[in-house]
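In: A structural model of the following input is requested.
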Amino acid sequence: MTIGTALTSTAPLADARALGLAHYAARGVLEHVLARHGLTFQEQVALRAAITADAPQTPDGLVARVQGSLKADPADLHATLDGLLAKGLLVADGACLHPTDAGRELLAAVGAETAPVSARIWGGISEEDLAAAGRVLALVTERADAELAALTA
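Out: This next block holds a predicted model:
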């Protein structure tokens, strides 16, 4: 019996370790693609946040958006933004940062490269299983965010 077969047939309970293993396995795939484009995971998250923002963001506003996702140190995130500016993927316009065409094109290229891999990873999982996993992950995120807030208050 292969490991993949054993995992799917025994239906293990989800826990922090299983969540972490899944996260780092998927992130490893993404980081492999990002490295080919000279981009780090944190840079990709920050660039995506700038591109998907409803309005232009100040550096502090963009750091707050990314920090909400990554729970990273604000000083590190400001350094990440500086790196994106230096690479020409973001541009300062007054007090706000805007993604450049090069930044948008790079993120689109990464998305195009990762799409078939993501399809293979997520393919064949039933909508019911995805919905259940989504509910559990949303609850875990909510609880972990609350715990982190209590620890840092």
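In: spatially central, which residue of this protein would that be?
Out: Residue closest to the average C-alpha location in the chain (CA atoms, centre = their mean): residue 45, at 5.4 Å.
In: state the distance from it to residue 69.
Out: 6 Å (CB to CB, to the nearest Å). The way it works is simple: take the backbone N, C-alpha and C, and place the C-beta from them, glycine included.
In: domain-wise, how is this structure divided?
Out: If you go by automatic domain parsing, the domain ranges for the chain are 26-122, 124-153.
In: between those domains, which one is closest to residue 16.
Out: Set against residue 16 and scored by CB to CB, the domains of the chain come closest in domain 124-153, at 8.4 Å.
In: per-residue confidence averaged over the closest one?
Out: For domain 124-153, mean pLDDT rounds to 94.
In: quick check: longest helix of this structure.
Out: If you go by DSSP state H, the chain has its longest helix at helix 127-152.
In: element containing residue 91, please.
Out: If you go by DSSP states H and E, residue 91 is part of strand 90-93.
In: pull out the buried positions in that strand.
Out: residue 90 (16 or more other CB atoms under 10 Å).
In: now what about the helix or strand following it, what contacts it?
Out: Of the helices and strands lying after strand 90-93 in sequence (DSSP H and E), the nearest is strand 96-99. The contact list for strand 96-99, computed with CB atoms under 8 Å, 6 or more residues apart in numbering, reads 47, 50-51, 56-59, 62, 81, 85, 89-91, 107.
In: show me how far the strand holding residue 91 is from its chain's centre.
Out: With CA atoms, centre = their mean, to the nearest Å as the basis, strand 90-93 stands 22 Å off its chain's centre.
In: note down every partner strand of that strand and its orientation.
Out: In the sheet, strand 90-93 lines up against strand 96-99 (antiparallel) (DSSP bridges).
In: distance from the chain centre to the partner strand, please.
Out: Centroid displacement of strand 96-99 relative to its chain, using CA atoms, centre = their mean, is 19 Å.
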